[in-house]
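Chemist: build me a structure from this.
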Amino acid sequence: MSFDSNSKTNPSFSPQPPLNPWLNSSAAAAAAAAAAEPLNPMVLAMHLSDPKSKTLIPNSTLILMDRTLLLSDEILIRIFQKLPDLQRNSNSLVCKRWMNLQGRLVRTLRVLDWNFVLSGRLTHRFPNLNHVDLVPGSFASPQDLANIVVSHKLVSLRVDSTWKVENLLPSEAVDAGLRSLSGGCPNLRKLEVAGASEAGISTVGSECTTLQELELQRCDDAVLRGVAACRNLQILKLVGSLKGFYDSVVSDIGFTILAQGCRRLVKLELVGCEGSFDGVKAIGQCCMMLEELVIVDHRMDDGWLAGLSFCENLKTLRIQSCKVIDRSPGLEEHLGCCEALERLHLQQCQLRDRNGVGALFSVCRNARDIVLQDCWGLDNSTLSLAIVCSCYWSIFRRVKLFYVEGCSLLTTEGLESVIEHWKELECLRVESCKNIKDSDISPELATLFSTLKELKWRPDTKYLFPSDMGIGMGKKGGKFFKRT
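Modeler: The predicted model follows:
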């Protein structure tokens with residue numbers, strides 16, 4: 001028997017793929033050579049991922065691999081920055097490298113799970129954060145969440161039927177998370193947290209020297225000692241008592257500590273805080289750069305309004321959701337005046353106490369912009385206090401903008417009697433005041449309207465149908481004029 005060199009028993013035999021009869025001889029030879037050439041994708045990937053490798057990869061084989069591996073991290077980040085936000089989120093799902101690069105671009109984050117902070121994954125995943133909201137994660141949520149949402153203006157949580165106020169995280173756990181956050185995000189500029197102690201806030205102040213804006217919920221006087229460590233703080237929001245969630249006390253002691261430690265404050269917001277004349281006076285005397293003061297649902301003692309006159313550079317005063325302004329403001333000659341004040345904003349406040357309202361108007365008599373929104377008890381007699389508070393002075397002489405909304409007791413006659421004394425009035429906006437009627441407009445008031453630069457007259461807004469219902473009533477009662 002003769003030996004066949006092409007037999008399968010020959011160790012040097014290499015099977016060839018069958019040739020397609022439709023291909024010419026040159027194409028068949030090229031296909032056979034390509035099939036015989038080995039290709040190891042793993043080795044190719046190792047060469048691509050090794051920055052020290054000098055191996056040149058043929059273009060024909062590069063098609064099979066991820067070409068973005070040839071790009072540096074800096075180039076990919078610059079490409080990701082050009083993409084819209086929605087596409088960025090989907091790009092982070094491509095691979096681990098893209099996910100890590102995408103994490104470097106995230107600047108703002110709202111944390112829902114506190115373990116994400118304690119484990120250090122937050123700072124590892126997002127190392128360049130400058131705004132972190134830890135308030136939702138500061139509450140211990142139950143394991144089995146129900147479709148129950150507890151909402152407030154400041155907090156919104158999903159809970160079960162057994163949720164109680166005691167479900168708030170202990171201060172030790174909150175402080176541990178703050179230590180992890182401050183160590184991994186030294187460039188933090190804005191922070192929101194609930195339930196921290198003096199030690200935790202002090203750590204943030206010492207590690208994050210660029211911190212400029214801070215919101216503290218469930219705050220008390222002791223915590224404000226740590227806030228004093230934030231030397232560059234400019235915007236501060238303190239939430240002492242929040243009905244249904246927690247009840248903490250911020251008093252004159254905390255105001256004094258805060259005033260001595262945070263002298264660069266530009267904006268201060270006090271929510272559910274206690275205090276008196278002494279605390280407000282300390283803030284005014286020490287925080288010389290304070291330009292905006294917001295007071296929400298205050299529990300101030302009688303006579304606190306007189307302390308506002310010590311805020312020499314205060315430009316904006318906003319009082320919101322307060323049941324009473326000041327029950328006993330004291331003698332009018334002792335109230336003083338905020339000389340630099342430009343804007344007074346009252347929203348959802350009880351204005352039935354004429355003494356408190358009159359004292360507030362007297363302290364803010366230099367305001368140029370007055371905004372009254374959804375204030376209960378604001379009638380003609382109360383608004384008339386804006387004309388003459390006493391025989392000593394006539395207040396609001398320089399008013400340029402007057403905006404009133406949702407004040408159902410105010411009538412056209414009462415509005416006219418007030419604004420006719422404001423000779424410098426330029427902008428008038430009246431919305432959702434059902435007792436202000438077009439039929440009651442006098443010729444004098446109509447003449448005043450013609451001299452205004454801006455007029456928005458929609459006193460019956462809440463009683464209109466939407467304009468897209470097609471019944472022809474959408475624009476009835478609405479007038480808007482603006483002079484350029």
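
Chemist: okay, helices next: where are they in the stretch 101-250 of the chain?
Modeler: 115-118, 121-125, 171-184, 198-207, 223-227 (DSSP state H, counting those that start in this stretch).

Chemist: buried ones in the shortest one?
Modeler: Of the residues in helix 115-118, those with enough neighbours to count as buried (16 or more other C-beta atoms under 10 Å) are 117-118. Placement of C-beta: from N, CA and C, glycine included.

Chemist: chain center to it, what's the gap?
Modeler: Put simply, helix 115-118 sits 22 Å off its chain's centre (C-alpha atoms, centre = their mean, to the nearest Å).

Chemist: again, but for the third one
Modeler: On the basis of C-alpha atoms, centre = their mean, helix 171-184 is displaced by 21 Å from the centre of the chain it belongs to.

Chemist: and it, what does it pack onto?
Modeler: helix 115-118, helix 121-125, strand 190-194, helix 198-207 (3 or more C-beta pairs under 8 Å, 6 or more residues apart in numbering; DSSP states H and E).

Chemist: and the ones you listed, which is most packed in?
Modeler: A comparison of the helices and strands packed on helix 171-184 by mean neighbour count, using mean count of other C-beta atoms under 10 Å, puts strand 190-194 on top with a mean of 23.

Chemist: you'd agree Leu258 is in a helix?
Modeler: Yes. In this structure, Leu258 lies within a helix as judged by DSSP: H, G, I helix; E, B strand; the rest coil.

Chemist: tell me the spacing between the residue lying closest to it once chain neighbours are set aside and Thr256.
Modeler: In space, and not counting its chain neighbours, Leu258 is closest to Leu224: 4.9 Å by C-beta to C-beta, 6 or more residues apart in numbering. Leu224 sits at a distance of 9 Å from Thr256 (criterion: C-beta to C-beta, to the nearest Å).

Chemist: of these two, which one has the most company?
Modeler: Neighbour tally, Leu224 and Thr256, criterion other C-beta atoms under 10 Å: the higher count belongs to Leu224, 24 against 19.

Chemist: pretty sure that one contacts Ile257?
Modeler: Yes. Using C-beta atoms under 8 Å, Leu224 makes contact with Ile257 at a distance of 4.8 Å.

Chemist: please verify my assumption that Val193 contacts Gly137.
Modeler: No. Here Val193 lies out of contact with Gly137, judged by C-beta under 8 Å, at a distance of 9.0 Å.

Chemist: gap between Lys96 and Leu83?
Modeler: Plainly put, Lys96 is 19 Å away from Leu83 if you go by C-beta to C-beta.

Chemist: neighbour count winner among those two?
Modeler: More crowded of Lys96 and Leu83, by other C-beta under 10 Å: Leu83, with 14 against 8.

Chemist: and the closest residue to the more buried one other than its chain neighbours, how many neighbours does it have?
Modeler: Spatial nearest neighbour of Leu83, excluding adjacent residues (C-beta to C-beta, 6+ apart): Asn91 at 7.0 Å. For Asn91, the tally of surrounding residues (other C-beta under 10 Å) stands at 17.

Chemist: which residues touch Asn91?
Modeler: 80, 83, 98, 102 (C-beta atoms under 8 Å, 6 or more residues apart in numbering).

Chemist: correct me, but Leu265 touches Asn232?
Modeler: No. When contacts are counted by C-beta under 8 Å, Leu265 is not listed as touching Asn232 (10.5 Å).

Chemist: more crowded one of those two?
Modeler: Using other C-beta under 10 Å as the criterion, Leu265 and Asn232 rank with Leu265 on top: 22 against 13.

Chemist: residues in contact with the more buried one?
Modeler: Counted by C-beta under 8 Å, 6+ apart, Leu265 has contacts 233-236, 287, 289-290.

Chemist: selecting buried members of these in ChimeraX, what would you type?
Modeler: Applied in ChimeraX, the following selects the buried portion of the contacts of Leu265 according to 16+ other C-beta under 10 Å:
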select :233,234,236,287,290
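
Chemist: need the contacts of Leu265 in JSON lines (columns: pLDDT).
Modeler: Formatted as JSON lines, the contacts of Leu265 follow (pLDDT from 0 to 100):
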{"residue": "Leu233", "pLDDT": "94"}
{"residue": "Gln234", "pLDDT": "95"}
{"residue": "Ile235", "pLDDT": "96"}
{"residue": "Leu236", "pLDDT": "96"}
{"residue": "Cys287", "pLDDT": "94"}
{"residue": "Met289", "pLDDT": "95"}
{"residue": "Leu290", "pLDDT": "96"}
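
Chemist: ok, so of the contacts of Leu265, who is nearest Thr108?
Modeler: Nearest to Thr108 out of the contacts of Leu265 is Ile235 (C-beta to C-beta; 15.6 Å).

Chemist: give the bridge partners for the closest one, please.
Modeler: Glu213, Lys267 (DSSP bridges).

Chemist: that one contacts Cys287, doesn't it?
Modeler: No. In this structure, Ile235 is not within contact of Cys287 by C-beta under 8 Å, at 12.0 Å.

Chemist: can I get the contacts of Asn91 in JSON lines including distance to Leu71?
Modeler: Formatted as JSON lines, these follow (distance: C-beta to C-beta, whole Å):
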{"residue": "Phe80", "distance to Leu71": "11"}
{"residue": "Leu83", "distance to Leu71": "15"}
{"residue": "Trp98", "distance to Leu71": "11"}
{"residue": "Gln102", "distance to Leu71": "15"}
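
Chemist: tell me the one of these nearest His131?
Modeler: For the contacts of Asn91, the nearest to His131 is Gln102 (17.1 Å; C-beta to C-beta).

Chemist: okay but Gly356 is in contact with Lys323, surely?
Modeler: No. Assessed by C-beta under 8 Å, Gly356 is found out of contact with Lys323, at 10.6 Å.

Chemist: neighbour-wise, which of these two wins?
Modeler: Gly356 (21 against 12).

Chemist: for the more buried one, phi and psi?
Modeler: Here is the backbone geometry of Gly356 (degrees, to the nearest 10): phi -70, psi -40.

Chemist: for Val430, same thing?
Modeler: phi -130, psi 120.

Chemist: Pro127: neighbour count?
Modeler: By the criterion of other C-beta under 10 Å, Pro127 has 15 neighbours.

Chemist: for it, give me the pLDDT.
Modeler: Taken from the predicted model, the pLDDT recorded for Pro127 is 86.

Chemist: do you know how far it is from Gly137?
Modeler: Taking C-beta to C-beta as the measure, Pro127 and Gly137 are separated by 19 Å.

Chemist: how about Gly200?
Modeler: Per C-beta to C-beta, Gly200 is found 14 Å from Gly137.

Chemist: before we move on, what about Ser72?
Modeler: 35 Å.

Chemist: for the two, indicate the residue with more neighbours.
Modeler: Between Ser72 and Gly137, counted using other C-beta under 10 Å, Gly137 has the larger neighbour count: 24 against 9.

Chemist: ok, now which ones touch Arg231?
Modeler: Taking C-beta under 8 Å, 6+ apart, we find Arg231 in contact with 205, 209, 261-262, 264.

Chemist: flag the shaky bits of the protein, pLDDT-wise.
Modeler: For the chain, residues meeting the criterion pLDDT under 70 lie at 1-68, 70, 73, 85, 87-89, 92-93, 103, 141-166, 387-396, 461-484.

Chemist: rerun that using 50 as the cut-off
Modeler: In the predicted model, the chain carries pLDDT under 50 at residues 1-25, 27-54, 59-63, 144-145, 163, 165-166, 390-393, 463-479.
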